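# Need a 3D model of the following:
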Amino acid sequence: MALSSIVKELFDRIYSEDFEAQKNFIDYICQGVRNMDSEILYKAKAIFIPNNEYLIEMGGSHVLDESNGLYEHGECIWISNIVANIQRCYFWLI
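From the prediction side, this is the model:
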């Protein structure tokens, strides 16, 4: 499965099935840590990936395939980061 398809499905599923948890994560990070308005990230449809289990639960086991770019050397590059999908350009905030 292509990375673009995986990411689209992941973002869609998280926003449709787990928005309240995402809201809590993003609000805490934005307001409690970064001192910024979380609405900016909601408009960008950003998500927070807390751990591998969450990513696998929301994205399916195919996210583990290193050939699609989410994992390098067995580690997901998005874990513990806020990720935003901006017109097929992906970035993460540390």
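# elements contacting the helix or strand where Asn24 lies?
For Asn24, the element it lies in under DSSP states H and E is helix 19-27. Packed against helix 19-27 by the contact rule (3 or more C-beta pairs under 8 Å, 6 or more residues apart in numbering; DSSP states H and E) you find helix 39-43, strand 47-49. To be clear about C-beta, it is placed using only N, CA and C from the backbone, and glycine gets the same treatment.
# Show the average pLDDT along it.
Helix 19-27 comes out with an average pLDDT of 93.
# Can I get that helix in CSV, CA atoms only?
Output in CSV follows, covering the C-alpha atoms of helix 19-27 (Å, rounded to 0.1, in the frame of the first residue of the first chain):
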residue,chain,number,x,y,z
PHE,A,19,-11.2,12.9,17.6
GLU,A,20,-11.8,13.5,21.4
ALA,A,21,-8.6,11.8,22.3
GLN,A,22,-6.7,13.7,19.6
LYS,A,23,-8.3,16.9,20.9
ASN,A,24,-7.0,16.2,24.4
PHE,A,25,-3.5,15.4,23.1
ILE,A,26,-3.2,18.4,20.8
ASP,A,27,-4.7,20.8,23.4
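# Pull out the buried residues from that helix.
Applying a neighbour-count criterion of 16 or more other C-beta atoms under 10 Å, one finds 22, 25-26 buried in helix 19-27.
# what residues does stretch 60-67 touch?
Here stretch 60-67 makes contact (C-beta atoms under 8 Å, 6 or more residues apart in numbering) with 1, 6, 9-10, 55-56, 68, 70-72, 74, 76.
# how about those, which pair is most distant?
Glu9 and Gly74 (22.1 Å; C-beta to C-beta).
# Residues contacting the host helix or strand of Phe11, please?
Using DSSP H and E, Phe11 falls within helix 3-17. If you take C-beta under 8 Å, 6+ apart as the criterion, helix 3-17 is touched by 22, 45, 47, 55, 58-60, 62-63, 68-70, 85, 88, 90.
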